[in-house]
Structure formats: structure tokens, C-alpha cells
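Enquirer: Fold the following and give me the result.
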Amino acid sequence: MVLVATSFSFVAHDVLRDSQREMIEDALSTLNENGYLFAAAPTGIGKTAAALSATLARANNHPNGRKTVLFMTGRQSQHRIVVDTVRKINARMEGQKVRLVDLIGRESMCVDVDRFTGRCNCEFGVNDSILHDAREGLKRYILEAPRHVDDVIKQGKERKVCSWTCARQCAKECDLIVLDYNHVFIDKVREASLDSMGVELSNSILIVDEAHNLPDRIRRGLERRLTAKVLRDCVSEMQEHRGKEDEAVVKAVEKEGAEAWTGDAEEAALAEKALMRIRGEVGKHLLNLKQVLGEDSELMTNPEELLGIFQASLEETLDEPITMARFIRTLESVRIEIDEALDTDPEIACHRLAELLNILYTRQGDSALATVFDILGEEGRITTHLLDPGVVARPLLKEAAGGILMSGTLFPPSMYGDILGMPEQRPVAYKEYSSPFESDRRPVILATDVTTRYKDRSAANTRKIREHIHGLLRQTPGHVAVFLPSYSMLEEIIEDGSWPGRHLIVEDRTWSKSRVQDVLDRLHRSRNSGQRCLLAGVYNARLSEGVDYEGNILDAVICVGIPMAPPTASNQALRDYISDRFGERNAWKYSAAQPAMNAILQAMGRAIRKAKDRAVVLVLERRVGDRGYKACLPTGLNMFHTGEPEATERLVRRFFRRHPEPARNTE
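Expert: Here you go, the predicted structure:
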């Protein structure tokens, strides 16, 4: 059902789908109280347009003055969708248009950024007399109409000005900023980004796209690793840094005499002595942990104990003990020469150590921080793990002026409110929206006679899984994607099988973004030439998340098994923490079952990207129909059960008789 868009401002289309209208109404109701909407909104309802409509309306009519909308997404393809949607909104508006700036990482916008000075070569050789006018010209270009970041970069190169700097200078004049999650949810990035752009979080309304990824993105933001090699590199880097500081002191004394500043060289010398002792003490600690680990893969360790080793080393070695904060500042100040063409990991070890120590120091005593020991090659390492992303998200959500967190797989929405620590003082709405397209154009078939459960694996079970796949392939006219829980299972079931009439493309864990794009291009070329492909990948990897299979390029998706997290020490620590925080009843669901089922939902959604797309989904795992797992699925998701490969083949045949042609270039 579609409805005329007469009662809403900032809409992108003349008519609204019923779920889209419902989402706008829910968002406005919540935002008007400075609250948050957690929206499980499936593909096809127009959630991007709905979120923009509601947030822009609230931001431009806020009782405390105009607010800025921050649209956060981890995918550059979504940046383009947001810009195109705002263009459609502006085309329907009279008077003042929505002003937008699209931002990506500086390394992608600038020419040769110096990591220490922060300077780039975008404006190298440009005469100062024309530089000001050139910058102002690029800023006018950005503000006069919504621009894709690629177009801004191109204009910056043509005008010989820094597109990154100009875009950031435009931010405070914009209604909407499109950027990555890190600009808000990673402390150091936020402090270097929003503040310098003149954007206050308290005056911002947030949109978080693909919000099911936000907890893990926050967790990874506090994940750091410590090895003996890192400490060895720190010592050599500090020695090089101290040598440069000593040279600077000699020059300063020659020029200024006794009044010359020597503090930086003295700090470097103290830090070098401290690092020598730290290297020995932490080295002993790592060896002890290696002995305790034995045959296990991981070992939970005590972050307080590790911090204590560092603090004792700072206090015991030196004629002048230095504080942890002072030591961290010295590590952060290290500057050395790095040949990035030769160094595969150009990040400075002292900076990495500073980040790890800052996490241990600022979060000491916090049960939400865990440390885990494991073996990398022959060397032991300690990794920090944030068990509770809410300790980071909660104060930020409390400070902002409300927002929308949305995803096609935000199930259940209330779980994400718990995990992200929604402030109790803020109104919150948890909503699941239905799509009128999925039941007819994306049927889901569940095979109840196969499983990948470890104790039930057998040659007969693997053979039957392949028979289901063959049945679907025989009746599917175009490309098919199949996703499995692990690369080893991918090899066992798919690579070791025979798939006549199909060109097999198997994902590799080393694939880059450009390699994925090559595969997408191959799929389109193959369809045009009549060649049918079987694309095989792994849940939570390159092909199953964050890839837009445009033009209904997939006719079917097969989901094999449930990607349950392995029983490691870190996963057990997460489950124990969730049990303490949310109760044992939620521990298994929040830490294991729901993330696994959401990975399946993400894979299922690869085939249907727009309203008129059509595809069939086959789930080869009987446990998905069990009560515990089924409770993790959207309430409106109905599945056709099949108990044999022949029945699967019949269901697929009937579907493609009703929908023989894929949708192309659909809205």
C-alpha cells in the first residue's frame, strides 16, 4: 500500500509506503521528546528516506534552535544513497534547501598526508594569492547542492585545494553530515573531528545505519594487542626519538645558550629507561602465561595485573619516577622515520603501546574490560576486549539530542537498546516494521532434514546438504550465493563438491574491497553472457555483509548452518558479563544465538536489495526451526518447511514459474 506524502516535510517521494509512513510517525513522536527509535526495518520500505524525513524535520524545528543531523554509516555505497535521497528531498522543496557535506577518511580525500604534522600535499605549490579564492570556491561548490564525496575530491584536485579541509569547514553550515561511526563513537576520532568542525554532539541528532554493527564497532575501537615484539620496537623507536631530541638540544644550546629547552630530551631518556625494564618484566609475564595456557587456545588474564607491571616498572627503575599519564604523553610524542613502502605495518609501536596503556589506565577497575592471552605464531600476545559497548555509547547517547538506530537485522531492537546502554532518562521506542514485498518475492524455505551441528555431522548429512543445493540450482535460472559458518566448512561442502553447469567462485579470507568489486562485475558480465555462477562465502565476511548485489543479480541465496561463536575464553567472558548484567536468561541469546541468527539474516538479505527484486532463500539447518533459535527471527518471517531435496526442488520450480525474470534498475 502507498500513501500520498502530504503531511510530512522533507520527503523524497510523492507517495509513501505504509511501513515508511509508520516509521516516520514513530520517529517524529520519539524525536519530539529527544528520544531514540530503534528500528528493525527490512529492505524495501525506504528506511533511509524515512529517517532523513523525520530527523531533518525535528532538527529544523527544534524548540532549542536548529540541530545538525549526523548520518553515520560504515559503507561508502550508503553515502551515495544518502546524497541521492537528499537531492530528491530538495527537488520537492521550495525555498531553503537541505545543505549536506559528505565526509570519508582523510587518507581517501587528501594527497600524501604526513602522519606527524597532519599536513597534506593537496595545495603544494599553489600561490597564496589565489589559494583563498580557490578554497572559497570549493566551499561554495559543496554548499550549493548535495555533492557526492567523489565529486568534491575531483573538484579539489582540479582547483588544487584540500577537499578534506574545505569539507570540514563547511560542516557547521550544513543541516546534514554523512560520516563514519568513528566520528561519534571513538573518543580520539570524535575529539579530533566534531570539535574542530564546530559541531557539538549536544546539538546533533543521530542516525546510525546498519546499527546491528555498532556494538562490535565500539568493541573493536578498544581492542589493542601487546606482544614482546611491540615492546622491542618501542625501545628502538624511543632510542631513535631520543637521538633526534639530543640533536635538537645541541642546536638549541648553540643558539640560545643555557636558556635552551632540554625537557623533551630528558623525557625521552627517562622513557627509554622505563621501556627497557618494561620489556623485561612484561616478557617474563608473557612467558608465564604461555606456560599456564598449555594446550588451550585462549586464557583470560587480569588487566589490573598487567597495568601493575607497567606501573611498577615506571616507579622502580628511575631516579625520578614518572606517572603513567606522563609516560603515555611521551610515547605519543615519538616521531621517527618510517619507509611505508618497506614496512608492512607502518604504525608506530610507541603509539600503539600508548593507546593500550590509556585503555588499561582509564578503565582500571571496570569489569567491562577484559584481557585475553593467546599465541600468535610462536609469540604470546595479550589483547584488550571491551565486553560492554554501553560504557562508551551510553554517555554519548545521553548527550546527543535524540536519534534513530536502524537496520534490516536489528532483531530484537530492545536487545540493542540493552547492549548500547540506553540512558534511562531518554524516551525510547523499539519497533519492527513489515515489508509487503518479502512474503511473495522472497520466500524462505527451511530444510528440516539437515544440520551442521558437530555431533550430527556425517558423510550422509553432507551428501543430503549437497542434494538440496543441487535441487535449487537445477531450477534457478541465474546466479546463486551460498554462505557457510567457516572456511573449513566451505571447503568441505562446496569446494569438494561438483556443481555442473555452474562457474564456482569461492571467497578467500584475504580478499580486498577491490577483489569483491571484481567479483560483482564478473556476475553482471556472466548474466549478460548467459553463464550461471555459484558464489560461495562465509557468514560475517566480505560477501555476506556490506556488499550491494544491485540489479537483482542474485536469484537465490542458500544459508548453510548456524555461525555460532567458538567456545573461547573471550566469548565465555562476554557471556558471563551479559549474564551478570542482564540475567542468565538473556546470556545465551545476547552473546551467541542472536548474533548468529542476525548473521544468517544479513546473508538472506543479500538477494533482495530493492522493492521489486525477487529471489528464493534456502536455509539448510533444522535447528533454525527450534524454539530457541526461532525466537531470534523477525516475528513476520514465515518459512516453508521441507523434509527432502525433492520437495525443495519443487518449491523453487514453482517460485520461478511465477517470477521468471529478475528486476533490473529498480527503485
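Enquirer: Give me the nearest residue to Met597, chain neighbours excluded.
Expert: Excluding the flanking residues, the one nearest Met597 by CB to CB, 6 or more residues apart in numbering is Cys632, at 3.9 Å. The way it works is simple: take the backbone N, C-alpha and C, and place the C-beta from them, glycine included.
Enquirer: Does that neighbour touch Ala593 like I think?
Expert: Yes. Counting by CB atoms under 8 Å, Cys632 touches Ala593, with 5.4 Å between them.
Enquirer: if we can go back for a sec, and the residue nearest to Met597, how many neighbours?
Expert: A total of 19 residues lie near Cys632 under the criterion other CB atoms under 10 Å.
Enquirer: now swap in the one 5 residues further on and tell me
Expert: One way to gauge burial is a neighbour count; for Leu637, by other CB under 10 Å, it gives 16.
Enquirer: can you check the one 4 residues further on too?
Expert: His641: 12 surrounding residues under other CB under 10 Å.
Enquirer: That one belongs to a helix, doesn't it?
Expert: No. Read with DSSP: H, G, I helix; E, B strand; the rest coil, His641 is strand and lies in no helix.
Enquirer: so what's it up against?
Expert: Contact analysis of His641 by CB atoms under 8 Å, 6 or more residues apart in numbering lists Ile445, Leu446, Thr448, Gly625.
Enquirer: What's the ChimeraX line that selects buried ones from the residues you listed?
Expert: The ChimeraX selection below is limited to those of the contacts of His641 classed as buried (16 or more other CB atoms under 10 Å):
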select :445,446,448
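Enquirer: what would the contacts of His641 look like in TSV with pLDDT?
Expert: Shown next, in TSV, are the contacts of His641 (pLDDT from 0 to 100):
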residue	pLDDT
Ile445	98
Leu446	99
Thr448	98
Gly625	97
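Enquirer: Could you list the low-pLDDT ranges of the stretch 301-450 of the chain?
Expert: The model of the stretch 301-450 of the chain has pLDDT under 70 over residues 317-318, 338-346, 436-439.
Enquirer: do the stretch 151-300 of the chain as well
Expert: In the stretch 151-300 of the chain the weaker segments, taking pLDDT under 70 as the threshold, are 257-263.
Enquirer: same thing but at 80, please
Expert: 249-263 (pLDDT under 80).
Enquirer: my guess is Leu226 is in a strand, correct?
Expert: Yes. Assigned with three-state DSSP, Leu226 falls within a strand.
Enquirer: With Thr362 as the reference, measure out to it.
Expert: Separation of Leu226 from Thr362 (CB to CB, to the nearest Å): 16 Å.
Enquirer: Neighbours of the closest residue to His470 other than its chain neighbours, how many?
Expert: In space, His470 comes closest to Pro645 once its chain neighbours are excluded; the distance is 7.2 Å by CB to CB, 6+ apart. Counted by other CB under 10 Å, the residues lying close to Pro645 total 21.
Enquirer: Am I right that Leu103 is in contact with Ala167?
Expert: Yes. With contact defined as CB under 8 Å, Leu103 reaches Ala167; the gap is 5.7 Å.
Enquirer: which neighbours do those two share?
Expert: The contact sets of Leu103 and Ala167 overlap at Met109, Val149 (CB under 8 Å, 6+ apart).
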